[in-house]
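J.: Quick one, fold the following:
(one chain, ligands or ions: 2)
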Amino acid sequence: MTSTQLVVVGGGPGGYAAAFLAADLGLRVVLVDPEANPGGVCVYRGCIPSKALLHVANLVSESRHAKAWGIEFGEPRIDLAKLRDFKNGVVSRLTTGTGQLVKHRKVQYLQGFAEIVDAHSLTVKLTAGSEEQVQFEHAILATGSGPAIPGPLKLPGDNDPRVMDSTTALDLPDIPKSLLVVGGGYIGLELGTVYAALGSAVTVVEMTPGLLPGADRDLVDVLAKRITRTFKTVLLETRVVQMAAEAKGIRVGFEGKADQKDEVFDRVLVAVGRRPNSGIPGLGRTRVRVDERGFIVVDEQRRTHEPSIFAIGDVAGEPMLAHKASHEGRVAVEVIVGEDVAFAPRAIPAVVFTDPELAWAGLTEAQAAKESRAIAVAKFPWGASGRAITLDRTDGLTKLVIDPDTERLLGVGLVGPGAGELIAEGVLAIEMGATATDLKLSIHPHPTLTETLMESAEVFFGQATHVYRPRRQKEKAQK
Ligand code: FAD
Ligand code: NAD
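T.: Ligands and ions are numbered 1, 2, ... in the order given. I've put the predicted structure just below:
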């Protein structure tokens, strides 16, 4: 029997960030997770391995692109075993690090699966075989999410390894000649990018009229234009209605706009969203509530309906992003130690690590339209950026969503190589209540892609050095 001030269930980026901060603030902390070290989905089978593979994919496509600059490398020879080792090495380096941080901070780490007994105790079925009872003053549930696989995307009574989810796709079982990706969202496009660079003919099927339904269309258009060259086919407004295993591949039936109603693929990746892991055994013995979509219901301090229990990360609502989980974890801990704080971000950045990358933060144009909110939009095309031209990557766009009255920055959208890094400036600007003038007057280094943010602000005033847009954006907003 262990008695602790805080138990954290789930060792993902939400759970371990919470456990580490709590230990730093002097609490006795127990962290429970089935893996040998903290990391969760993000580190073991999500953000990190996918980005390691995307880094390699970018190198492959850059090397192909280099032909246009007079440098020819020839077609890459891919050693899949070595590539797998690189990716696994990245994961183990990080998880070894989190394991060491557990020890340095004297967090008690229980490798196992937690079952809730009541509002102040739980049982951990340890991976080693025995059980440990844990009594706690507070608990943070950070159990994350898993892939959603709806009925028509399951093979009848069969577990065919050729139908993959993100976890199996990240294992790189082989490089299929043809790959169908079901779902044109984050995972489908990121892993589709990896497989396309490695040599697969990738088809994406997306049920809505466009890829990445949550993002603004002008940004997606830039990405979609490139994807139509790197992927074999993109089928929009199309659904998979059945799948059958055949000796030569997986036969997939389509319904919707696709001309072909039926096609055979070597492999299929199903990436149609994720479900929160709220089916924690024993949760029903507490007052914790779960909504109709399976998310644990929390308030802005991340308290559940059971006063001793908090919930954070993917299990506690969208967006299902690692940095949102970590931030919520820190808020929950600060609330537990008595600070008057809440999870109330103005901007949670979203980054899709495709080629080019796509990123946004704060208010999108689509959201503003939905809310009939008056905004001004200032855009800077990367064709006018010196840095983008030196990189031979002018397929980019930076845009600012601005409050026309206060001139405050409400949102930032970016598409282009490195957009995932650039968006952080937008987040800081939105959180600090910066205005278009602040952005315009902050000297940005030349030649960098960051200048596109400054020049977008100049566009807002009709004074951008490298594009000629006399006052139109601002006047339009004032009408
Ligand atoms: P998780 O990371 O899901 O961790 C939850 C942990 O709890 C798991 O280890 C699980 O085994 C454990 N657990 C569950 N139930 C119990 C129990 N009863 N007892 C003990 N332990 C339990 N997000 C980004 O921000 N950037 C990215 O680039 C990105 N890329 C992604 C790529 C892929 C392929 C996938 C699948 C996801 C990606 N995500 C990315 C999303 C990101 O992984 C999640 O948002 C993030 O991991 C959520 O963190 P979490 O702490 O809520 O839970
Ligand atoms: P997603 O919600 O991003 O995309 C799923 C897509 O599948 C949507 O576009 C949806 O319209 C489509 N879809 C749903 N059912 C379909 C069907 N039957 N046929 C065809 N299309 C269908 O989900 P995901 O790609 O599985 O990723 C899950 C979550 O993981 C993301 O929402 C995100 O929160 C997180 N994630 C983040 C990153 C990142 O931050 N870079 C990367 C990967 C995953």
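
J.: if I look at the residue of the stretch 301-450 of the chain found nearest ligand 1, how far off is ligand 2?
T.: Proximity to ligand 1, evaluated over the stretch 301-450 of the chain using C-beta to the nearest ligand atom, is greatest for G313 at 2.1 Å. Placement of C-beta: from N, CA and C, glycine included. From G313 over to ligand 2 the distance is 11 Å, taken as C-beta to the nearest ligand atom, to the nearest Å.

J.: For this structure, what lies in contact range of ligand 2?
T.: Residues of the chain lying close to ligand 2 (C-beta under 6 Å from any ligand atom) are 182-188, 190, 205-208, 213, 239-240, 271-274, 319-321, 351-353.

J.: what about D266, how many residues close to it?
T.: If you count neighbours by other C-beta atoms under 10 Å, D266 ends up with 17.

J.: thinking again about what came up before, list, out of the residues of the chain next to ligand 2, those positioned next to ligand 1.
T.: Within the set of the residues of the chain next to ligand 2, contact with ligand 1 (C-beta under 6 Å from any ligand atom) is found for I187, M320, L321, F353.

J.: quick one: which of those is nearest F136?
T.: For these, the residue nearest F136 by C-beta to C-beta is M320; the value is 25.8 Å.

J.: any chance you could read off phi and psi for the residue of the stretch 301-450 of the chain closest to ligand 1?
T.: Dihedral pair for G313: phi 80, psi -160, per degrees, to the nearest 10.

J.: doesn't G14 make contact with it?
T.: Yes: with contact defined as C-beta atoms under 8 Å, G313 and G14 form a contacting pair (3.1 Å).

J.: Give me the common contacts of those two.
T.: Common neighbours of G313 and G14, using C-beta atoms under 8 Å, 6 or more residues apart in numbering, are A142, G144, A325, E328, G329.

J.: Could you export those as a markdown table, including pLDDT?
T.: Shown next, in a markdown table, are the shared contacts of G313 and G14 (pLDDT from 0 to 100):
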| residue | pLDDT |
| --- | --- |
| A142 | 99 |
| G144 | 98 |
| A325 | 98 |
| E328 | 98 |
| G329 | 98 |
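
J.: looking at those, which has the most residues close by?
T.: When neighbours are counted by other C-beta under 10 Å, A142 leads the shared contacts of G313 and G14 with 35 neighbours.

J.: Spit out the contact partners of it.
T.: Listed by C-beta under 8 Å, 6+ apart, the contact partners of A142 are 8-12, 14-15, 18, 40, 311-313, 315, 325, 329.

J.: all helices of the stretch 101-250 of the chain, in order?
T.: Assigned by DSSP state H, counting those that start in this stretch, the stretch 101-250 of the chain shows helices spanning 166-170, 186-198, 217-230.

J.: G249: which of the ones you listed is closest?
T.: helix 186-198 (15.0 Å).

J.: so P161 touches A169, yeah?
T.: No: P161 lies out of contact with A169 (C-beta under 8 Å); the separation is 11.0 Å.

J.: ok, the two, which is more surrounded?
T.: Per other C-beta under 10 Å, whichever of P161 and A169 has more neighbours is A169, with 26 against 9.

J.: ok now do that one, which residues does it touch?
T.: With C-beta under 8 Å, 6+ apart, A169 has these contacts: L191, Y195, L269.

J.: Return the member of the residues you listed nearest to ligand 1.
T.: For these, the nearest to ligand 1 is L191 (6.8 Å; C-beta to the nearest ligand atom).

J.: Could you list the residues of the chain in contact with ligand 1?
T.: Residues of the chain lying near ligand 1 (C-beta under 6 Å from any ligand atom): 9-15, 32-35, 40-42, 46-47, 50-51, 113-114, 142-145, 166, 187, 277, 280, 313-314, 320-323, 325, 353.

J.: Out of these, which end up buried?
T.: Buried by 16 or more other C-beta atoms under 10 Å: 9-15, 32-33, 35, 40-42, 46-47, 50-51, 113-114, 142-145, 166, 187, 277, 280, 313-314, 320-323, 325, 353, out of those.

J.: Just checking the distance from the helix or strand harbouring I48 to the centre of its chain.
T.: When elements are assigned from DSSP states H and E, I48 belongs to helix 47-65. Computed by C-alpha atoms, centre = their mean, to the nearest Å, the chain-centroid distance of helix 47-65 equals 17 Å.

J.: Over to stretch 298-316?
T.: Its chain's C-alpha centre and that of stretch 298-316 lie 21 Å apart, by C-alpha atoms, centre = their mean.

J.: State the mean pLDDT of that stretch.
T.: The pLDDT scores in stretch 298-316 average 98.

J.: list the contacts for the spatially most central residue of the chain?
T.: By C-alpha atoms, centre = their mean, the chain has its centre lying nearest to L321, at 4.8 Å. By C-beta under 8 Å, 6+ apart, L321 lies in contact with I348, A350.

J.: go on, the one 10 residues further on?
T.: Contacts for V331 were tallied using C-beta under 8 Å, 6+ apart; they are Q301, R302, I312, V341, A342, F343.

J.: List of residues touching stretch 90-104?
T.: For stretch 90-104, the external contacting residues (C-beta under 8 Å, 6+ apart) are 11, 16, 19-20, 31, 35-39, 43-44, 48-49, 52, 109.

J.: Please pick the buried ones from these.
T.: Buried members of the contacts of stretch 90-104, counted by 16+ other C-beta under 10 Å: 11, 16, 19-20, 31, 35, 37-39, 43-44, 48-49, 52, 109.

J.: Strands - which of those residues land there?
T.: Counting by DSSP state E, those place L31, Y109 in strands.

J.: between the buried ones among the contacts of stretch 90-104, which is closest to L449?
T.: Checking the buried ones among the contacts of stretch 90-104 against L449 with C-beta to C-beta, the nearest one is A52 at 22.9 Å.
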